[in-house]
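Peer 1: A predicted structure for the sequence below; I have some questions about it.
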Amino acid sequence: MLIDTFLFHFGRYVLLLKSAVAKPERFSMYYKETIRQMDAIGVGSVFIVLLISVFIGMVTAVQFADQLGDSFIPAYYIGYIVRDITIIEMAPTITCLVLAGKVGSNLAAEIGGMRQKEHIDAMEIMGVNTAAYLIMPKLVAAVVVIPLLVAISAFVSIIGGYVATVLPGDLSHTEYVLGLRTFFVPRYVFMMFVKAAVFAFLLTSISCYLGYYVKGGSIELGEASTNAVVVSNVLILLFDFIIALLLT
Amino acid sequence: MIRTENIEKSFGDNYVLKGISTEFFAGKPNLIIGSSGAGKTVLLKLLIGLFKPDSGKVFYGDTDIFSLEAKELRAIRMRIGMLFQGNALFDSMTVGENIRFPMDMFTRRTLKEKTMRVDECLEMVNMEGINDRYPSEVSGGMQKRVGIARSMVLEPDYLFCDEPNSGLDPQTSILIDELICDLTTRNNITTVINTHDMNSVMGIGENIILMKDGHVAWRGDKTQVLESDNQVLEDFIFASPFLRRLRADALKLRHSEE
């Protein structure tokens, strides 16, 4: 039963994505919609990303400063640890988990609302490829903008770590910067962007899928919105593991 | 003209349409009537290709729309206008943008040409000057008119209206009916209207199809409604004692005039 349900949804999801990747009826309309989505997903999420990122950096730095405490490990390692944890894991994963909540639920509710108010039927009857018009601009916008948000998140987290350790005097400015510059592996930055792009694709496509096929009334719309967040979060963590296996 | 051939449709064990064969003519309003659950909306959605039948065919002219590829079906749909029960106007767009949307999507007209056509369509439905208002800022009747304007913007060959009078007062309903009727005859459009409204039946019913339990129970025009002895029609249209009395009086008057 569970396998049947999984196969049904997976098959329908793949078919929807196939329809979504189609030649636009009018490029300018898709371009306009993509820019609108970039604004909604990107600009609309900057504040929350900045907020969580600064705390992620601060908490990471404070926790490691405490654990290193009186050990023989040099204090500048705090900068190194904050940098790598942020770039490899915290920035892409936590940011995308939060965005799954903010952007994912919003996309599912927006498309689901359009389905319920017959907007999607109206577009279909006009001859619009609704899968393409409603999903492709969101996918493109998310895959472009979310990696940028993740990069901002990584940068702000590192500043957060600095604020939490250097300003109170636990660590000197020179030590923190030395830590940031030690054992730098550029491949980790590549990994961060791969994760960000994959997670962006997952959270957007799944949310759009759940919204596109919503049936019933406001309760079902709420369920679709919640499921969008839950399924996106689970898949983000699963793919986090898969990417870690593949790229390390 | 639209023609259906032995259309059957079920949802699980629920057989909604049981072999519908009928015709909808160009240049006159074709009404689908029937009680709730008779299968009217399913038939309408089949006619526009939103549902696929279990068996049977829907012909637009000589083309069976269910034998078409998705791309070809979309080309046919560009010749269709549809007025939804809930209007389906896009909330985030102004009235002008709503009407312009099909042109933005499918034509290469300049902004000036598109704006002129929007104004023309609004004038056609007597709603000039509301281009910059949002759908939420106009009344239900005005939204219906805007919906009609949007459905007419690409000069369709086929117009479908799902319960165009629902939620409207009788006077506005009659105005909307007259508007649809006028556009249909003036542009020789094949118009299919799904309705419960008896004013519409008696006012613009040139080709009426009464559905019951997934079958066509009666077919005729508004002049035949009064004199028909079809029990299903009688039960549906003249449901109350008051209407039955009214019908008897009307028949008496007609016979005395003859």
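Peer 2: Noted; the coordinates are in hand.
Peer 1: what comes up buried for stretch B:14-30?
Peer 2: Across stretch B:14-30, burial judged by 16 or more other Cβ atoms under 10 Å in any protein chain shown covers B:16-17, B:20, B:22, B:24, B:26, B:28-30. Placement of C-beta: from N, CA and C, glycine included.
Peer 1: How about stretch A:170-177?
Peer 2: Residues A:170-171, A:175-176 are the ones in stretch A:170-177 that count as buried (16+ other Cβ under 10 Å).
Peer 1: And for stretch A:201-214?
Peer 2: By neighbour count on 16+ other Cβ under 10 Å, the buried set for stretch A:201-214 is A:201-212, A:214.
Peer 1: In TSV: those residues, plus secondary structure and distance to chain B.
Peer 2: What follows is the buried residues of stretch A:201-214, written out as TSV (DSSP: H, G, I helix; E, B strand; the rest coil; distance: Cβ to the nearest Cβ, whole Å):
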residue	secondary structure	distance to chain B
A:201	helix	24
A:202	helix	26
A:203	helix	22
A:204	helix	19
A:205	helix	20
A:206	helix	23
A:207	helix	18
A:208	helix	17
A:209	helix	19
A:210	helix	20
A:211	helix	15
A:212	helix	14
A:214	coil	16
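Peer 1: isn't residue B:44 right up against residue B:194?
Peer 2: Yes: using Cβ atoms under 8 Å, residue B:44 is in contact with residue B:194, at 4.8 Å.
Peer 1: Tell me who's in contact with residue B:51.
Peer 2: Residues in contact with residue B:51, defined by Cβ atoms under 8 Å, 6 or more residues apart in numbering or on different chains, are B:9, B:42, B:45.
Peer 1: Identify, from the buried residues of stretch A:201-214, the entry nearest to residue A:124.
Peer 2: Closest to residue A:124 out of the buried residues of stretch A:201-214 is residue A:212 (11.6 Å), distances taken as Cβ to Cβ.
Peer 1: can you tell me which residues contact the residue sitting nearest the centre point of chain A?
Peer 2: With distances taken as Cα atoms, centre = their mean, residue A:96 lies nearest the centre of chain A, 2.6 Å away. For residue A:96, the contact set (Cβ under 8 Å, 6+ apart) comprises A:146, A:150, A:195-196, A:199-200, A:203, A:236.
Peer 1: Extract the C-alpha trace of the helix or strand harbouring it and format it as CSV.
Peer 2: Assessed by DSSP states H and E, residue A:96 sits inside helix A:95-99. Extracted in CSV, the C-alpha atoms of helix A:95-99 (Å, rounded to 0.1, in the frame of the first residue of the first chain):
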residue,chain,number,x,y,z
THR,A,95,18.9,27.6,5.4
CYS,A,96,17.0,25.2,3.0
LEU,A,97,15.1,23.6,5.9
VAL,A,98,13.9,27.1,6.9
LEU,A,99,13.2,28.0,3.3
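Peer 1: report the longest helix in chain A, please.
Peer 2: Ranked by residue count, the top helix of chain A under DSSP state H comes out as helix A:130-165.
Peer 1: Going toward the C-terminus from it, what's the next helix or strand?
Peer 2: Heading C-terminal from helix A:130-165 (DSSP H and E), you reach helix A:173-181.
Peer 1: Give me the average confidence score over that following helix.
Peer 2: Helix A:173-181 comes out with an average pLDDT of 92.
Peer 1: same deal with stretch B:90-108?
Peer 2: For stretch B:90-108, mean pLDDT is 91.
Peer 1: Quick check: buried residues in that stretch?
Peer 2: For stretch B:90-108, burial by neighbour count (16+ other Cβ under 10 Å) applies to B:90, B:94-107.
Peer 1: quick one: it to chain centroid distance?
Peer 2: Counting by Cα atoms, centre = their mean, to the nearest Å, stretch B:90-108 is centred 21 Å from the centre of its parent chain.
Peer 1: Please apply the same query to stretch A:220-238.
Peer 2: Counting by Cα atoms, centre = their mean, stretch A:220-238 comes out at 13 Å from the chain centroid.
Peer 1: Run through who's touching it.
Peer 2: With contacts defined as Cβ under 8 Å, 6+ apart, stretch A:220-238 is touched by A:93, A:96-97, A:100-101, A:104-105, A:107-109, A:112-113, A:116, A:199, A:202-203, A:206-207, A:210-211, A:214.
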